[in-house]
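Colleague: Show me the folded form of this:
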Amino acid sequence: MASATRTASSTTRSALRAERFDLALNYSSSKMSAVLLRLIGAPDTRGWTMSADGHRLISHAWSRLFAASCLTRRQAPFNLVDYYKRVAGVAAGPRQLFFDVPPDARRWAAEFLGEADGTPLIAFQLGASRDVRRWPAAHFTDVARTLHAAIGARFVLCGGNGIGASLKRLPGRSARSRSTPAAGARSPASARSSRARTSS
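Modeller: This is a model prediction of the structure:
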């Protein structure tokens with residue numbers, strides 16, 4: 001297994017180096033992504049990478065600012081998208097978010113969520129890349145109860161297939177009964193043409 005892994009790693013590295021990228025961006029803070037960015041060999045690397053002597057470093061001022069802001073998010077003046085754009089050298093651009101929503105995805109969502117009846121519908125993203133970044137399930141429940149009492153909201157629980165434990169930890173049958181678990185549910189959509197807009 002170790003030999004097969006080394007072979008696959010070497011093949012991947014060679015394929016990436018053969019592309020001769022001018023610029024490589026790494027928005028992940030993981031150790032392995034830093035190693036990969038170094039191995040790619042791009043002359044301009046930004047974000048988390050590795051020095052020649054094997055130390056992880058953050059090679060761009062905006063990436064370093066983002067890393068520092070994670071400790072003081074309530075005081076941070078920029079949105080995550082702003083950091084990402086600046087690391088890539090993008091200072092302008094549309095002030096709206098564009099993403100593709102194919103017609104079959106719209107139909108799937110309408111069937112999954114049911115007919116709109118004027119009741120506020122709020123999505124909770126329960127997942128996170130690491131447990132330390134995941135908000136406790138009880139906190140979601142407290143917020144849901146407050147919003148339901150104030151405006152009669154119902155909820156959609158979103159996330160990947162790995163958040164089953166978070167769903168089970170939601171306390172109280174009443175909290176779960178007002179929620180529709182969409183975690184792991186898959187739309188039949190493939191990325192095609194229709195375009196939706198959300199103001200920034």
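Colleague: how much space is there between residue 36 and residue 102?
Modeller: Applying C-beta to C-beta, to the nearest Å, the value for residue 36 to residue 102 is 32 Å. Placement of C-beta: from N, CA and C, glycine included.
Colleague: wait, I meant residue 123
Modeller: Counting by C-beta to C-beta - residue 123 and residue 102 are separated by 19 Å.
Colleague: ok, residue 44 - contacts?
Modeller: Going by C-beta atoms under 8 Å, 6 or more residues apart in numbering, residue 44 touches 22, 23, 24.
Colleague: Can you say which of these are buried?
Modeller: Taking 16 or more other C-beta atoms under 10 Å as the criterion, what is buried in the contacts of residue 44 is residue 24.
Colleague: In which helix or strand does residue 8 reside?
Modeller: Assessed by DSSP states H and E, residue 8 sits inside helix 2-18.
Colleague: What is that helix packed up against?
Modeller: For helix 2-18, the packing partners by 3 or more C-beta pairs under 8 Å, 6 or more residues apart in numbering; DSSP states H and E come out as helix 31-40.
Colleague: now for the helix it packs on, which elements pack on it?
Modeller: For helix 31-40, the elements it packs on are helix 2-18, strand 23-26, strand 44-50, strand 56-58, judged by 3+ C-beta pairs under 8 Å, 6+ apart.
Colleague: ok, so what distance separates residue 152 from residue 123?
Modeller: For residue 152 relative to residue 123 (C-beta to C-beta), the value is 16 Å.
Colleague: before we move on, the earlier item: kindly reformat the helices and strands packed on helix 31-40 as JSON lines containing distance to residue 140.
Modeller: Shown next, in JSON lines, are these (distance: least, C-beta to C-beta, whole Å):
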{"stretch": "helix 2-18", "distance to residue 140": "38"}
{"stretch": "strand 23-26", "distance to residue 140": "31"}
{"stretch": "strand 44-50", "distance to residue 140": "30"}
{"stretch": "strand 56-58", "distance to residue 140": "32"}
